[in-house]
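# predicted model, plus sequence, below.
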Amino acid sequence: MAQKHGVANEIAYPSAIPFVLVHLGCVAVLWTGVTWPAIALGVGLYWLRMFGVTAGYHRYFSHRSFTTSRLFQFVLAWLAQSSAQRGVLWWAAKHRHHHVHSDTAEDVHSPLRTGFAYSHVGWIFARRHDGFDPGAIPDFARYPELRLLQRFELVPAVALALLCLLLAGWPGLVVGFLWSTVLVYHATFCINSLAHVRGSRRYVTGDTSRNNLALAIMTMGEGWHNNHHAYPSSTRQGFRWWEVDATYYLLKLLAIFGIVRSVDGPPERVLRNEQVLGARIVDRTAGLLAAQFLDTLPVLPTRAALTEQAKAMIARTPSLDAIVDRAHEMLVAATGTQAGAQHG
């Protein structure tokens with residue numbers, strides 16, 4: 001059941017104001033007009049900054065799926081923050097939290113728990129999410145230059161905006177910078193929202209993550225979200241040859257020149273969908289399965305009924321029996337709880 005969030009007294013207004021102004025500023029095109037240099041600038045900045053988000057914020061700072069030098073680490077952080085999506089330490093800490101608690105009550109952006117709009121954008125401006133726990137990202141919080149970027153999180157974006165104004169005038173600022181910023185915003189946010197609602201599922205991940213080709217094209221490979229949740233430490237998120245993953249291709253190119261290293265894909269057991277699931281994923285998936293039978297209690301479903309429902313609900317997995325057994329345990333416990341409540 002989606003919970004209600006995002007009420008006015010919950011919004012962290014200092015953080016929300018720049019976001020609103022960027023959107024409102026797009027309307028200024030009625031006065032500045034559109035020029036071809038501004039369009040070219042906007043298209044280029046969309047893809048460049050999307051790479052900053054996908055390779056920087058996500059695959060490097062959140063998951064450490066490849067390695068690089070301290071210098072290029074800073075370049076990635078600056079490029080990522082030029083998208084105006086908060087500081088790199090904040091972004092990565094929140095994303096790591098999401099993976100630990102994906103689609104549970106503790107998840108910061110789950111459409112299953114908090115509704116589509118809140119998962120798409122509302123959570124970013126909630127007061128309880130305004131700060132972050134440095135303990136969630138000690139590997140990068142130890143770098144003073146990254147802490148400085150975090151402190152002055154809007155500096156890269158403002159510097160880029162001024163450069164666009166200098167290069168292509170007011171159309172460069174509005175079309176080149178503001179329009180591309182808004183497009184990068186919502187393409188990125190769609191991974192938090194739409195990629196948990198629309199698409200296909202190859203792997204059992206204990207959450208609602210899905211693979212979506214359209215989102216993968218828009219976000220340079222991030223749309224292979226179910227793949228990613230199945231093996232988050234893989235640099236490559238398009239596991240099959242036909243799953244387009246432009247971020248991975250560019251990182252492989254950078255690896256040829258020694259700029260980045262350890263750019264890898266998932267192990268063979270994951271590609272064959274033969275990995276044994278961890279206890280946390282088994283438990284979450286069993287909870288989803290057990291929920292399908294809560295209305296029938298105190299009459300317990302047979303193991304065959306549980307297995308049939310599991311096969312209909314979830315992707316193929318060698319851990320199917322473990323999921324069914326755990327779901328049965330949950331239903332037995334729920335039956336005991338009901339009985340206790342009736343006699344209490």
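It's in.
# how about the strands of the stretch 51-200 of the chain, start to end?
For the stretch 51-200 of the chain, the strands identified by DSSP state E, counting those that start in this stretch occupy 67-68, in order along the chain.
# can you give me the helices in it?
Per DSSP state H, counting those that start in this stretch, the stretch 51-200 of the chain carries helices over the ranges 70-81, 88-100, 111-114, 116-120, 138-141, 144-151, 155-171, 180-192.
# got a list of contacts for the longest helix that the chain contains?
Across the chain, the longest stretch assigned as helix under DSSP state H is helix 320-343. Helix 320-343 is contacted from outside by 204, 277, 282-283, 285-287, 289-290, 293-294, 297-298, 300-301, 303, 306-307, 310-311, 314, 317, using CB atoms under 8 Å, 6 or more residues apart in numbering. Any C-beta I mention is one placed from the backbone N, CA and C, and that applies to glycine too.
# now that helix, how far from the chain's geometric center?
Relative to its chain's centre, helix 320-343 lies at 32 Å (CA atoms, centre = their mean, to the nearest Å).
# return the subset of the contacts of helix 320-343 lying in strands.
When DSSP state E is applied, the contacts of helix 320-343 are split such that none fall in strands.
# now the buried members of those.
Those of the contacts of helix 320-343 that meet the buried threshold are 204, 277, 282-283, 285-286, 289-290, 293, 297, 301, 306-307, 310, 314, 317, by 16 or more other CB atoms under 10 Å.
# list the contacts for residue 133?
Shown in contact with residue 133 (CB under 8 Å, 6+ apart): residue 93.
# against residue 146, how distant is it?
The spacing between residue 133 and residue 146, counted by CB to CB, to the nearest Å, is 15 Å.
# same check on residue 306?
48 Å.
# likewise residue 258?
Taking CB to CB as the measure, residue 258 and residue 146 are separated by 22 Å.
# ok, those two, which is more surrounded?
Per other CB atoms under 10 Å, whichever of residue 258 and residue 146 has more neighbours is residue 146, with 21 against 9.
# surely that one is in contact with residue 140?
Yes. With contacts defined as CB atoms under 8 Å, residue 146 counts as touching residue 140 at a distance of 5.5 Å.
# returning to what we had before: looking at the buried ones among the contacts of helix 320-343, which are in helices?
Per DSSP H, the subset of the buried ones among the contacts of helix 320-343 in helices is 282, 283, 285, 286, 289, 290, 306, 307, 310.
# tell me the two of the residues you listed that are most distant?
In these, two members sit farther apart than any others by CB to CB. They are 283 and 307, at 17.6 Å.
# gap between stretch 229-241 and the chain center?
With CA atoms, centre = their mean as the basis, the distance from the averaged C-alpha position of stretch 229-241 to the chain average is 13 Å.
# in that stretch, what's buried?
Here stretch 229-241 shows 229, 230, 231, 232, 234, 235, 236, 237, 238, 239 as buried, counting by 16+ other CB under 10 Å.
# one more: stretch 322-342?
The neighbour-count criterion (16+ other CB under 10 Å) identifies 322, 323, 324, 326, 327, 328, 330, 331, 334 as the buried residues of stretch 322-342.
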